[in-house]
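Colleague: I'll drop the sequence and a predicted model, then ask my questions.
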Amino acid sequence: MQPGTHSEQREQQGTVIQDGGQVIRETTGDGSLTKDDIFEVLYNRRRRMVIWYLRDNDGTGTVSDLAEYIAADENDTTVKQLSSSERKRVYVGLYQNHLPMMDNVGVISYDKNRGTVQL
């Protein structure tokens, strides 16, 4: 295996995805989430709030709507009273970190180009 290349190795319980010999992520053989995936997703409050928001809104939303919902909660205010910097701080974290991670493990479907999220 060449460093920096992606490869998959089958194991009895599922797949180990490696990058340059380092394990990136293990999956179960049936496509369900591993315990590590579940704990990592639920560990962060913003990721939990993404799930809550989507469950309460027919399983769909936009990154902007999610950012406003979470920012309002974090700042103990309403969406209308949010400042642009409060929105932006949450939006950037969702866009660059939380939503791609959740999409990668299969909790949500995230279309970065369209800014849409589905449960």
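Modeller: Received, thanks. Because the structure is predicted, anything quoted here is derived from the model rather than measured.

Colleague: if I've got this straight, Tyr110 is in a strand?
Modeller: Yes: counting by DSSP: H, G, I helix; E, B strand; the rest coil, Tyr110 is part of a strand.

Colleague: Which parts of the protein are helices?
Modeller: Under the criterion DSSP state H, helices of the chain are mapped to 35-43, 45-56, 63-74, 84-93, 99-105.

Colleague: What helices and strands are in contact with the second one?
Modeller: On a contact count with 3 or more Cβ pairs under 8 Å, 6 or more residues apart in numbering; DSSP states H and E, helix 45-56 meets helix 35-43, strand 60-62, helix 63-74, helix 99-105, strand 116-118. All C-beta spots, glycine's among them, are computed from the backbone N, C-alpha and C.

Colleague: So for the longest one, what gets flagged as buried?
Modeller: Neighbour-count burial for helix 63-74, counted by 16 or more other Cβ atoms under 10 Å, picks out 63, 65-73.

Colleague: Also the fourth one?
Modeller: By neighbour count with 16+ other Cβ under 10 Å, helix 99-105 contains the buried residues 99, 101-103, 105.

Colleague: Thank you, goodbye.
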